[in-house]
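Engineer: let me see the structure of the following:
(one chain, ligands or ions: 1)
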Amino acid sequence: MTAPDTFDRLFATIAARKGADTDGSYTASLFARGRARIAQKIGEEATEIVIAAMGPNPRAIVPEAADLLYHLFVLLADAGLTPDDVRAELAQREGTSGHEEKAARGPLPLSFRAE
Ligand SMILES: N=c1c2ncn([C@@H]3O[C@H](COP(=O)(O)OP(=O)(O)OP(=O)(O)O)[C@@H](O)[C@H]3O)c2ncn1[C@@H]1O[C@H](COP(=O)(O)O)[C@@H](O)[C@H]1O
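Structural biologist: Residues are numbered from 1 along each chain as shown. So this is what the prediction gives:
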């Protein structure tokens, strides 16, 4: 059996914080504040990635990506999902170009098209 990687260990820690004492854990306090607050944090972290992406130093993206992944993991755990659900979704997409997938969706109904 292979040792769990950093992502797996992080998710296990996050999941174990559900219902924990909020004083000692930022994760527990996020769970306590609820899904809307978690989703809002993801929006904030995504915005910070956009700002880092537009800057001159690509390394600045790394800590913002870590913040975003951490908050995404909190959302998954809050929703009763796991990174394995995301792995399975990505595995299902493996080998299908985004162009192919978009073409297979067919044209948008008229009501969705831009003027
Ligand atoms: N990876 C992280 C991690 N990344 C970011 N953060 C926290 O996420 C918050 C995001 O920062 P912001 O400035 O956006 O928010 P804030 O003003 O501090 O807080 P808000 O009131 O806005 O929510 C900071 O408090 C960070 O410390 C994290 N907190 C915890 N972890 C991991 O989760 C584990 C469990 O943490 P606790 O639940 O706190 O024990 C830790 O050991 C780490 O491995």
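Engineer: what about Pro56, how many residues nearby?
Structural biologist: 5 (other CB atoms under 10 Å). (C-beta placed from N, C-alpha, C; glycine too.)
Engineer: mind listing what the residue nearest the centre of the chain touches?
Structural biologist: Nearest to the mean C-alpha position of the chain, counting by CA atoms, centre = their mean, stands Leu72 at 3.0 Å. Shown in contact with Leu72 (CB atoms under 8 Å, 6 or more residues apart in numbering): Ile42.
Engineer: ok, now with 6 Å
Structural biologist: By CB atoms under 6 Å, 6 or more residues apart in numbering, the contact list for Leu72 is empty.
Engineer: from the ligand, how far off is it?
Structural biologist: 11 Å (CB to the nearest ligand atom, to the nearest Å).
Engineer: equivalent analysis for Arg105, please.
Structural biologist: If you go by CB to the nearest ligand atom, the gap between Arg105 and the ligand works out to 35 Å.
Engineer: tell me what the longest helix anywhere in the chain is packed against?
Structural biologist: Under DSSP state H, the helix in the chain containing the largest number of residues is helix 35-54. Contact here means 3 or more CB pairs under 6 Å, 6 or more residues apart in numbering; DSSP states H and E; on that basis helix 35-54 packs against helix 61-78.
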